[in-house]
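Novice: A structural model of the following input is requested.
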Amino acid sequence: MKARVILALATIAVAACSDDPSGPGVTEGRLRLVPGVAALPLVDIIVDGQLKAEDVPFAKTSTAIALSVGSHQVKVVAPGTAPTAGGTSVTVKANDTTTVVAIGTAAAPNVVILGDTGAAPVAGKGKLRVRHLASVTPDIDVYRSQPDATPFTKVMDPFPLDATSPFLESTPGNWSIRVTVKGATTVLAERTDIAVNALWVRTALILDQTGGGVRIVLVGEQ
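Specialist: Numbering: from 1, shown residues only. Okay, the predicted model is just below:
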(Lines give C-alpha, C1' and ligand atoms only; values in the text may rest on other atoms or scores of the structure.)
Protein backbone atom coordinates (compact mmCIF):
# COMPACT_ATOMS: atom_id res chain seq x y z
CA MET A 1 0.00 0.00 0.00
CA LYS A 2 2.81 2.39 0.94
CA ALA A 3 4.58 1.72 -2.38
CA ARG A 4 1.38 2.53 -4.28
CA VAL A 5 1.02 5.87 -2.48
CA ILE A 6 4.61 6.79 -3.30
CA LEU A 7 4.10 5.84 -6.95
CA ALA A 8 0.91 7.89 -7.15
CA LEU A 9 2.62 10.92 -5.65
CA ALA A 10 5.48 10.56 -8.11
CA THR A 11 3.04 10.39 -11.02
CA ILE A 12 1.30 13.57 -9.84
CA ALA A 13 4.66 15.35 -9.52
CA VAL A 14 5.65 14.40 -13.07
CA ALA A 15 2.31 15.55 -14.43
CA ALA A 16 2.64 18.87 -12.60
CA CYS A 17 6.09 19.41 -14.08
CA SER A 18 4.86 18.67 -17.58
CA ASP A 19 2.10 21.28 -17.17
CA ASP A 20 4.56 24.01 -16.15
CA PRO A 21 4.35 26.59 -18.97
CA SER A 22 7.91 27.74 -18.36
CA GLY A 23 9.47 24.29 -18.28
CA PRO A 24 11.79 22.74 -20.85
CA GLY A 25 8.93 20.88 -22.54
CA VAL A 26 7.29 24.05 -23.86
CA THR A 27 7.08 23.92 -27.67
CA GLU A 28 4.85 26.93 -28.41
CA GLY A 29 5.00 30.70 -28.30
CA ARG A 30 2.64 33.40 -29.56
CA LEU A 31 2.62 36.05 -32.27
CA ARG A 32 0.46 39.15 -32.47
CA LEU A 33 0.40 41.82 -35.16
CA VAL A 34 -0.61 45.47 -35.32
CA PRO A 35 -1.66 46.54 -38.85
CA GLY A 36 -0.11 49.97 -39.40
CA VAL A 37 -0.69 50.65 -43.10
CA ALA A 38 -3.38 53.33 -43.16
CA ALA A 39 -4.30 52.51 -46.77
CA LEU A 40 -5.23 48.95 -45.74
CA PRO A 41 -8.29 49.07 -43.46
CA LEU A 42 -8.15 45.27 -43.08
CA VAL A 43 -5.37 42.71 -43.52
CA ASP A 44 -4.90 38.96 -43.46
CA ILE A 45 -1.90 37.49 -41.63
CA ILE A 46 0.13 34.85 -43.46
CA VAL A 47 2.63 32.69 -41.55
CA ASP A 48 4.85 30.21 -43.38
CA GLY A 49 2.58 30.42 -46.42
CA GLN A 50 -0.59 29.67 -44.43
CA LEU A 51 -3.50 31.95 -43.56
CA LYS A 52 -3.52 32.45 -39.77
CA ALA A 53 -5.87 35.42 -39.25
CA GLU A 54 -8.37 37.26 -41.42
CA ASP A 55 -9.69 40.83 -41.56
CA VAL A 56 -7.55 42.31 -38.78
CA PRO A 57 -8.48 46.04 -38.59
CA PHE A 58 -5.98 48.83 -39.06
CA ALA A 59 -4.28 49.90 -35.78
CA LYS A 60 -5.92 47.08 -33.78
CA THR A 61 -3.76 44.38 -32.21
CA SER A 62 -4.60 40.93 -33.54
CA THR A 63 -5.52 38.01 -31.35
CA ALA A 64 -2.40 36.10 -30.33
CA ILE A 65 -1.52 33.31 -32.77
CA ALA A 66 0.02 30.15 -31.27
CA LEU A 67 3.14 29.04 -33.18
CA SER A 68 5.88 26.50 -32.68
CA VAL A 69 9.10 27.79 -31.15
CA GLY A 70 11.64 28.94 -33.75
CA SER A 71 11.76 31.02 -36.93
CA HIS A 72 8.66 31.78 -39.01
CA GLN A 73 8.01 33.81 -42.16
CA VAL A 74 5.35 36.44 -41.48
CA LYS A 75 3.62 38.87 -43.83
CA VAL A 76 0.33 40.69 -44.30
CA VAL A 77 -1.81 40.88 -47.43
CA ALA A 78 -5.07 42.48 -48.46
CA PRO A 79 -8.07 40.34 -47.46
CA GLY A 80 -8.80 37.52 -49.87
CA THR A 81 -5.27 37.41 -51.31
CA ALA A 82 -4.10 33.84 -51.88
CA PRO A 83 -1.45 32.84 -49.30
CA THR A 84 2.11 32.49 -50.58
CA ALA A 85 5.48 31.81 -49.01
CA GLY A 86 7.89 34.54 -47.91
CA GLY A 87 7.84 37.46 -45.53
CA THR A 88 9.84 38.72 -42.59
CA SER A 89 11.68 36.16 -40.48
CA VAL A 90 10.32 36.29 -36.92
CA THR A 91 11.66 34.15 -34.08
CA VAL A 92 9.05 32.90 -31.63
CA LYS A 93 10.24 31.98 -28.14
CA ALA A 94 8.77 29.46 -25.72
CA ASN A 95 5.96 30.80 -23.55
CA ASP A 96 6.47 34.32 -24.92
CA THR A 97 4.50 36.73 -27.12
CA THR A 98 6.29 38.41 -30.02
CA THR A 99 4.69 41.59 -31.36
CA VAL A 100 5.18 42.78 -34.94
CA VAL A 101 3.83 45.79 -36.83
CA ALA A 102 2.87 45.99 -40.50
CA ILE A 103 4.06 49.21 -42.16
CA GLY A 104 4.82 50.43 -45.69
CA THR A 105 2.27 50.88 -48.46
CA ALA A 106 -0.85 49.05 -49.58
CA ALA A 107 1.08 47.71 -52.58
CA ALA A 108 4.12 46.67 -50.55
CA PRO A 109 3.40 46.20 -46.84
CA ASN A 110 6.20 44.79 -44.72
CA VAL A 111 6.55 43.58 -41.15
CA VAL A 112 8.85 44.98 -38.48
CA ILE A 113 9.54 43.40 -35.12
CA LEU A 114 9.12 45.42 -31.95
CA GLY A 115 11.67 43.25 -30.19
CA ASP A 116 11.78 42.00 -26.63
CA THR A 117 11.18 44.70 -24.09
CA GLY A 118 14.24 43.73 -22.07
CA ALA A 119 12.67 45.78 -19.31
CA ALA A 120 11.87 44.52 -15.84
CA PRO A 121 10.40 47.35 -13.76
CA VAL A 122 11.29 47.53 -10.10
CA ALA A 123 8.53 46.93 -7.57
CA GLY A 124 5.96 49.69 -7.61
CA LYS A 125 7.05 51.08 -11.01
CA GLY A 126 5.94 50.77 -14.63
CA LYS A 127 7.73 51.45 -17.94
CA LEU A 128 6.81 52.91 -21.32
CA ARG A 129 8.70 53.47 -24.58
CA VAL A 130 7.77 55.13 -27.90
CA ARG A 131 8.45 53.91 -31.45
CA HIS A 132 8.08 56.16 -34.50
CA LEU A 133 6.68 54.25 -37.51
CA ALA A 134 4.65 57.01 -39.20
CA SER A 135 6.33 57.16 -42.59
CA VAL A 136 4.27 59.93 -44.24
CA THR A 137 4.36 62.44 -41.40
CA PRO A 138 6.70 65.45 -41.32
CA ASP A 139 9.59 65.51 -38.87
CA ILE A 140 8.19 65.31 -35.35
CA ASP A 141 8.82 66.01 -31.70
CA VAL A 142 7.38 63.62 -29.12
CA TYR A 143 6.54 64.76 -25.59
CA ARG A 144 5.35 62.87 -22.54
CA SER A 145 4.07 63.56 -19.08
CA GLN A 146 4.07 60.77 -16.49
CA PRO A 147 2.58 60.27 -13.01
CA ASP A 148 5.73 61.42 -11.21
CA ALA A 149 6.56 64.26 -13.65
CA THR A 150 3.48 66.05 -14.99
CA PRO A 151 4.97 68.84 -17.19
CA PHE A 152 5.40 67.77 -20.82
CA THR A 153 9.02 67.00 -21.69
CA LYS A 154 10.56 65.61 -24.88
CA VAL A 155 10.92 61.85 -24.99
CA MET A 156 14.16 62.25 -26.97
CA ASP A 157 15.57 64.64 -29.55
CA PRO A 158 15.82 64.09 -32.45
CA PHE A 159 13.16 61.41 -32.97
CA PRO A 160 13.69 60.08 -36.54
CA LEU A 161 11.56 57.57 -38.40
CA ASP A 162 11.89 53.99 -37.10
CA ALA A 163 13.59 55.15 -33.91
CA THR A 164 12.65 53.67 -30.53
CA SER A 165 13.05 55.61 -27.32
CA PRO A 166 14.62 54.16 -24.20
CA PHE A 167 12.19 52.78 -21.63
CA LEU A 168 10.98 55.46 -19.25
CA GLU A 169 10.04 54.51 -15.70
CA SER A 170 7.45 56.05 -13.40
CA THR A 171 5.14 55.40 -10.51
CA PRO A 172 1.78 53.80 -11.49
CA GLY A 173 -0.82 55.96 -13.17
CA ASN A 174 -1.78 57.59 -16.47
CA TRP A 175 0.78 58.91 -18.94
CA SER A 176 0.20 61.37 -21.79
CA ILE A 177 1.95 61.32 -25.17
CA ARG A 178 1.86 64.34 -27.50
CA VAL A 179 3.22 64.41 -31.06
CA THR A 180 3.92 67.78 -32.69
CA VAL A 181 5.48 69.06 -35.88
CA LYS A 182 9.24 69.36 -35.36
CA GLY A 183 10.12 72.67 -33.73
CA ALA A 184 6.49 73.82 -33.62
CA THR A 185 3.48 73.68 -31.33
CA THR A 186 1.17 72.14 -33.96
CA VAL A 187 -0.24 69.00 -32.35
CA LEU A 188 -0.51 66.01 -34.70
CA ALA A 189 -1.78 63.52 -32.11
CA GLU A 190 -2.22 63.24 -28.36
CA ARG A 191 -3.32 60.61 -25.86
CA THR A 192 -3.88 61.28 -22.18
CA ASP A 193 -5.32 57.92 -21.12
CA ILE A 194 -2.23 55.69 -21.20
CA ALA A 195 -2.44 53.49 -18.12
CA VAL A 196 0.89 52.09 -16.93
CA ASN A 197 0.36 50.23 -13.69
CA ALA A 198 2.99 48.73 -11.41
CA LEU A 199 5.17 46.18 -13.24
CA TRP A 200 3.56 47.00 -16.61
CA VAL A 201 5.75 47.44 -19.69
CA ARG A 202 4.06 49.26 -22.61
CA THR A 203 4.97 50.59 -26.04
CA ALA A 204 3.34 53.60 -27.70
CA LEU A 205 3.42 53.27 -31.50
CA ILE A 206 3.24 56.39 -33.66
CA LEU A 207 1.52 55.27 -36.88
CA ASP A 208 0.17 56.92 -40.00
CA GLN A 209 -3.49 57.85 -39.73
CA THR A 210 -6.23 57.15 -42.26
CA GLY A 211 -6.80 60.33 -44.24
CA GLY A 212 -3.48 61.86 -43.18
CA GLY A 213 -1.74 62.74 -39.94
CA VAL A 214 -0.64 60.33 -37.23
CA ARG A 215 -2.17 58.31 -34.43
CA ILE A 216 -0.87 56.77 -31.20
CA VAL A 217 -1.51 53.07 -30.63
CA LEU A 218 -0.69 51.24 -27.40
CA VAL A 219 0.58 47.68 -27.11
CA GLY A 220 1.82 45.67 -24.17
CA GLU A 221 0.56 45.28 -20.66
CA GLN A 222 1.68 43.73 -17.41
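
Novice: enumerate the beta-bridge partners assigned to the residue sitting nearest the centre point of the chain.
Specialist: Residue closest to the average C-alpha location in the chain (C-alpha atoms, centre = their mean): T99, at 4.0 Å. Beta-bridge partners recorded for T99 (DSSP bridges): R32.

Novice: could I get the pLDDT score of it?
Specialist: For T99, the pLDDT comes out at 95.

Novice: residues touching it, list them.
Specialist: In this structure, T99 makes contact with 31-34, 61, 113-114, 203, 219-220, judged by C-beta atoms under 8 Å, 6 or more residues apart in numbering. Using the backbone N, CA and C atoms, a C-beta is placed for each residue, glycine as well.

Novice: go again using 6 Å as the cut-off
Specialist: 32, 114, 219 (C-beta atoms under 6 Å, 6 or more residues apart in numbering).

Novice: A123: which of these is nearest?
Specialist: A123 lies nearest to V219 out of those, by C-beta to C-beta, at 23.4 Å.

Novice: so I206 sits right up against S135, yeah?
Specialist: No - using C-beta atoms under 6 Å, I206 makes no contact with S135, being 10.3 Å away.

Novice: more neighbours: which of these two?
Specialist: I206 (25 against 15; other C-beta atoms under 10 Å).

Novice: got the contact list for that one?
Specialist: I206 touches 132, 134, 179, 214, counting by C-beta under 6 Å, 6+ apart.

Novice: which segments of this structure make up each domain?
Specialist: 28-113, 126-219 (automatic domain parsing).

Novice: and the longest one, how far out from the chain's middle?
Specialist: Here the centre of mass of C-alpha atoms in domain 126-219, compared against the chain's by C-alpha atoms, centre = their mean, to the nearest Å, lies 14 Å away.

Novice: pull up the distance across it, start to finish.
Specialist: End-to-end distance for domain 126-219, by C-alpha to C-alpha, to the nearest Å: 14 Å.

Novice: gap between A78 and G36?
Specialist: As judged by C-beta to C-beta, to the nearest Å, A78 and G36 stand 15 Å apart.

Novice: so between the two, which is more surrounded?
Specialist: Per other C-beta under 10 Å, whichever of A78 and G36 has more neighbours is G36, with 27 against 15.

Novice: could you check how far the closest residue in space to the more buried one that isn't next to it in sequence is from G126?
Specialist: The shortest distance from G36 to any non-neighbouring residue, by C-beta to C-beta, 6 or more residues apart in numbering, is to L207 (4.4 Å). L207 sits 22 Å away from G126, taking C-beta to C-beta as the criterion.

Novice: about what we covered before: for the record, mean pLDDT for the helix or strand hosting the residue nearest to G36?
Specialist: If you go by DSSP states H and E, L207 is part of strand 201-208. Averaged across strand 201-208, pLDDT comes to 96.

Novice: cool, and stretch 156-169?
Specialist: 95.

Novice: for stretch 59-79, same thing?
Specialist: pLDDT averaged over stretch 59-79 gives 97.

Novice: so for it, what gets flagged as buried?
Specialist: Neighbour counts using 16 or more other C-beta atoms under 10 Å place 59, 61-62, 65, 67, 72-77 of stretch 59-79 among the buried residues.
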